[in-house]
Every structure is written in structure tokens, then in C-alpha cells.
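> here is the input, now give the coordinates:
(one chain, ligands or ions: 1)
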Amino acid sequence: MRHRACLLALLVQGMIFSTSQTATAWEHHPLLTEPVISTMPEINSAAPAAATSLETFLIAEEADLVTLLAEVETWARSALPSYKPRPDSLAFQVTGTATDIRERFFRAIRVNPNIKTPLYLGPLANNSKQAKGLLAPGDVSILGDTSNLSVFQFDELAAGESASASDIVGTASNEPDYGLDIGLFEDNNTDFGQVYGFGVQPFGNPGLDYGSQAPFHMGFYHESPIVFLFASFLKESYPEYRIHLFKSLSEFAFEHGHNYWGWRFMGWGLHYLCDLSMPYHTTALPGVGTLRMLIINLLDMIGWSTPKDNAVQLSSNRHVALETFEGIVMVDASRIHDTEEPTLAALLEARTIPPYSDTVPRANIAKASHSLSSKMDKALTKYMPARFVTDPSVELGDLSERYQIVQMIEAEHGIAAVTKIEQLQAEALTSFAIYGRSYATAILHPAK
Ligand SMILES: [Zn+2]
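Purely as a prediction, here's the structure:
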């Protein structure tokens, strides 16, 4: 299946191949999600919810879940043209067996069955609240490299212990990056990938931990028709499926009185909405126009691959540079609650909240970030350290100096340049600030 791709396809694929090695979309989702939901009185003033294990929720609602998951599947098959149907043999069924219900559920929703779902909250590390028990990053995530989780601490919750809705949602909003979507394709060397029915991985690196989640966290819906003509595999992506699935599960959990899981599934869904606001997640080659893409592909076809390799590496580095910048800025702003910081201000801003529909992720959020991608790419090229964003011999993911990126921009171009990038980042995240609230509101007031 992979060789159906022509060289242009391989170019685009190569681009995503390299970005997905280090890039994870926006860093630290709780720092983006919490400000947005903090503006919602229904979440802010909601009664604390008692933590319950996933198994407790599943076994209590096993029969009704059969219907719900069947409805989600019917929806996905009719609403998403590139959706690969869930094999009927994986359909969730009532067996009454508690010991394997967790695995049966994970296989029915086709996530990595090894994910961990401990009861915990994940505030920024070193914040005042003293936790009774701390979990290690390896207790919440199945990824090999959990170094970027060191900014958080994981406070264990006992079963039955209450937590605020906003803490549950915020904590959960990071969880889809803890391995949920890893290894789901046929060529990912996992037993479940063989039976899930997603086929071979359409883009991203199938051999890498993080690479294999790319088609679930990225969506290229607005490329030019000629790109789709040559690289139709770019249409195979699943954020909309995850967003609808977790919205449905969240509504279901609330309806059945399992508020803790209602909030947690809401956080899972918000993760994917937020990912689509990242310009490098909705555009295959930001900053490279269609014509240029065709030319460098042509050159590649006649044997000169340097322009292609350079374009791939530079886009990858800018992707990493933006995420590194965003992570640093958001940790700093969150720690001191700097509401003047442009991104935090944009997330907190009072807004008119339009109604949510299933077309929002593609037609509104991904559309907005795709439209911003060229402007963002230009700004990064202009203001970020040249070595990081214009030197194709550099693999930015390997440079620990990248964590000085904010100081470096300020030293070279002044604080105004830092602000300029913060403003563009704020512009990108505005769609999440708006539609994240639409999504949460729709869950709390389902139209039935
Ligand atoms: Zn993600």
C-alpha cells in the first residue's frame, strides 16, 4: 500500500515523517485547556466528582455502552469519508466479565490497550499543594521518553476521593499524548495493530513511538486539490473520530451519573480539538507553496533531492521550534498567572460561544490554523534563531539549546519579537478558546 504513493506523496510523507519524530503538537495541554474552561461557570462551579476506576464505570454501564458505541460507529462510517470501519469482531458486547472489560472496551474504541488510566491529578510541579502520593510519569504514560512531563507532578487520587471538574478535565487533556494512539496501524509491529482495521499507517513514521499517533492528532483537510490528487493518503486521519467518540462517551458518562468519567472523557476530546489549532498539524508543508512543492518534487524525480530534503528538515525544525517556544511561554505564564501574556490572555478572554457541531473541528479549527500557517512560518523564520529555523543541517530536536529559545529571540530581536510570536500563537489558539467552550457546552447540554 505504501508504494501507491508517487514521489510528491513521498515528499509530503517525508515531511511528516521527520516532524513526527520530535513533534507532539502543542506542549502541555493542561496549560491551554485550564484557562479556557476556567471561564465557564458550569465547570468552575460544578460539584466535585468522586474518582472511580475505569473498570467500575464500564462494568456498571456495560449494556448501555453496547448501544452507544454502535451509534458512534454508525456515525463515523457515514460522516467521515476516509474512515476505516471498526471490524465487527471488535464490537463491544455484554459478557458480564469484569476481568477483561477494560481490554474489551479499549479494543472496541481501538486505542492502545496498554494505556494506563490511574486516578490522579496533574498540576504543575512544585506548586504549593502537598500531595499524599505521587505517581511517576511512567505510571501515567506508556511512552519511552517522558522527559517533557517533568513540569507536572502526578498527585494520586484514592477511589472515591473528590476532585474539581476543572482539575479533572485539565489533567485529562494531556492523556491522549500518553500513548493512547500509538501502534494502531498494521505496520506498527503490535498485535492489536494487526486487527484494528486502520490499515497501514497513512503518514508519519510507522517505526517510531510517537510517529504512529500522527494520523490521530493531525488533520490535513485544506490542502490544495493537486496535493490531494498526488497524496490522497493525507486524507486518512482520525481526529474527528476521536473528538466525536470522546464527546459521546463524556455525555454518556454524565447521563449515567459517572461525572468523574464525564469530565475525564471531555478532557480527552478537548486534546484533539486543541491539536487541530496548531498550524503545523493541519498543513503538510507550511511555508512551501503548491508550485514550489511540485518543482522540488520534480527536481527530486530527476535525481536532485537536496531541495526536498532541505524543505523537509526546515519545516520540521520550525515545527519543533514553535512547540518549544509555546511550552516555555505557557509554563512561565501559568506559574505566575500572567494574564497579560498574549496567549494566556487569548485563552481567558470572554467570548461569544457558537453552537458546536461535528463539522467544527475541520471547518473551523483546522481551517483557521491552516490559514495561519504561512504567516506563522514567515514569522518563525524571521525572528527565531537562524540556526534553529533556516539551517537544514541542524536537527533541532537534538539541540538542548532550544530550551533557551525565548531568551535568544529577545537577545537578537528584542522583546517585541517575542511578543509577536506570542501574538501569532494566541491567534492560532483562539479557535480552541472559542470552540473548546462550544464543545464542553454541547456535552453539558446535549440536544436530546
Ligand atoms: Zn496530541
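> roughly how far does Gly138 sit from Leu276?
29 Å (C-beta to C-beta, to the nearest Å). The C-beta positions use only the backbone N, C-alpha and C, and glycine is treated the same way.
> nope, Leu69 is what I was after
Remark: distance between Leu69 and Leu276 (C-beta to C-beta) = 24 Å.
> likewise Ala46?
As judged by C-beta to C-beta, Ala46 and Leu276 stand 26 Å apart.
> between those two, which one's more packed in?
Taking neighbours as other C-beta atoms under 10 Å, Ala46 and Leu276 compare with Leu276 leading, 31 against 18.
> give me phi/psi at that one?
When read as degrees, to the nearest 10, the backbone of Leu276 gives phi -70, psi -10.
> return the residues of the stretch 101-250 of the chain in contact with the ion.
With C-beta under 5 Å from the ion as the criterion, the stretch 101-250 of the chain comes near the ion at residues 177, 217.
> quick one: low-confidence ranges for the stretch 101-250 of the chain?
Low-confidence segments of the stretch 101-250 of the chain, defined by pLDDT under 70, span residues 127-131, 205-209.
> which ones are touching the one residue in the stretch 201-350 of the chain that gets nearest to the ion?
Closest residue of the stretch 201-350 of the chain to the ion, C-beta to the ion: His217 (3.7 Å). By C-beta atoms under 8 Å, 6 or more residues apart in numbering, His217 lies in contact with 25, 176-177, 181, 239, 272, 275, 281.
> swap in Asn114?
Each residue near Asn114 by C-beta under 8 Å, 6+ apart is listed here: 142, 179.
> for the one 3 residues further on, same thing?
Neighbour list for Thr117: 53-54 [criterion: C-beta under 8 Å, 6+ apart].
> closest point of the stretch 51-200 of the chain to the ion, which residue?
For the stretch 51-200 of the chain, the residue closest to the ion is Asp177, as judged by C-beta to the ion, at 4.7 Å.
> I figured that residue hits His271, correct?
Yes. Asp177 sits in contact with His271 when judged by C-beta atoms under 8 Å, with a separation of 7.2 Å.
> mind listing the shared neighbours of those two?
Counting by C-beta under 8 Å, 6+ apart, the common neighbours of Asp177 and His271 are His29.
> contacting residues for Phe105?
By C-beta under 8 Å, 6+ apart, Phe105 lies in contact with 54, 58, 65, 92.
> which residue sits closest to the first one, ignoring its sequence neighbours?
Nearest residue to Leu54, sequence neighbours excluded (C-beta to C-beta, 6 or more residues apart in numbering): Thr117, at 4.7 Å.
> that neighbour and Gln194: what is the separation?
Taking C-beta to C-beta as the measure, Thr117 falls 24 Å from Gln194.
> ok, Thr290 next?
Distance, Thr290 to Gln194, using C-beta to C-beta: 37 Å.
> next: Gly303.
Using C-beta to C-beta, we find Gly303 at a distance of 37 Å from Gln194.
> again with Ile415
The separation that Ile415 has from Gln194, given C-beta to C-beta, amounts to 53 Å.
> now the strands for this protein?
Ranges of strands in the chain, per DSSP state E, are 49-50, 120-121, 134-135, 154-156, 162-163.
> for the first one, packing partners?
Going back to what we said before, that points to strand 49-50. strand 162-163, helix 259-275 (3 or more C-beta pairs under 8 Å, 6 or more residues apart in numbering; DSSP states H and E).
> mind listing the helices for the stretch 251-400 of the chain?
All helices of the stretch 251-400 of the chain, identified by DSSP state H, counting those that start in this stretch, fall at 259-275, 290-301, 306-335, 342-348, 360, 367-383, 386-389.
> in JSON lines, list the ones you listed along with distance to Asn188 and mean neighbour count.
Supplementary listing: the helices of the stretch 251-400 of the chain in JSON lines, determined by distance: least, C-beta to C-beta, whole Å; neighbours: other C-beta atoms under 10 Å:
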{"stretch": "helix 259-275", "distance to Asn188": "19", "mean neighbour count": "27"}
{"stretch": "helix 290-301", "distance to Asn188": "27", "mean neighbour count": "16"}
{"stretch": "helix 306-335", "distance to Asn188": "21", "mean neighbour count": "22"}
{"stretch": "helix 342-348", "distance to Asn188": "34", "mean neighbour count": "22"}
{"stretch": "helix 360", "distance to Asn188": "30", "mean neighbour count": "23"}
{"stretch": "helix 367-383", "distance to Asn188": "27", "mean neighbour count": "19"}
{"stretch": "helix 386-389", "distance to Asn188": "31", "mean neighbour count": "18"}
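> ok, of those helices, where does mean pLDDT dip lowest?
Mean pLDDT per stretch puts helix 290-301 lowest among the helices of the stretch 251-400 of the chain, at a mean of 84.
> packing partners of that helix?
Helices and strands in packing contact with helix 290-301 are listed as helix 7-22, helix 225-230, helix 306-335; criterion 3+ C-beta pairs under 8 Å, 6+ apart.
> okay, angle between that helix and helix 306-335 too, please.
Following axes from the mean of the first three to the mean of the last three C-alpha atoms, to 10 degrees, one obtains 130 degrees for the angle between helix 290-301 and helix 306-335.
> and helix 290-301, how far out from the chain's middle?
Its chain's C-alpha centre lies 30 Å from the corresponding centre of helix 290-301 when counted by C-alpha atoms, centre = their mean, to the nearest Å.
> from here on, call the first residue 46.
In the new numbering, first residue 46, that becomes helix 335-346.
> dump it to PDB, restricted to CA.
The C-alpha trace of helix 335-346 is given here as PDB (Å, rounded to 0.1, in the frame of the first residue of the first chain):
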ATOM      1  CA  THR A 335       2.000  24.200  -4.100                       C
ATOM      2  CA  LEU A 336       4.100  25.300  -7.100                       C
ATOM      3  CA  ARG A 337       7.300  25.100  -5.100                       C
ATOM      4  CA  MET A 338       6.400  21.700  -3.800                       C
ATOM      5  CA  LEU A 339       5.800  20.500  -7.300                       C
ATOM      6  CA  ILE A 340       9.100  21.900  -8.500                       C
ATOM      7  CA  ILE A 341      11.200  20.500  -5.700                       C
ATOM      8  CA  ASN A 342       9.500  17.200  -6.300                       C
ATOM      9  CA  LEU A 343      10.300  17.400 -10.000                       C
ATOM     10  CA  LEU A 344      14.000  18.000  -9.100                       C
ATOM     11  CA  ASP A 345      13.900  15.100  -6.800                       C
ATOM     12  CA  MET A 346      12.500  12.900  -9.500                       C
END
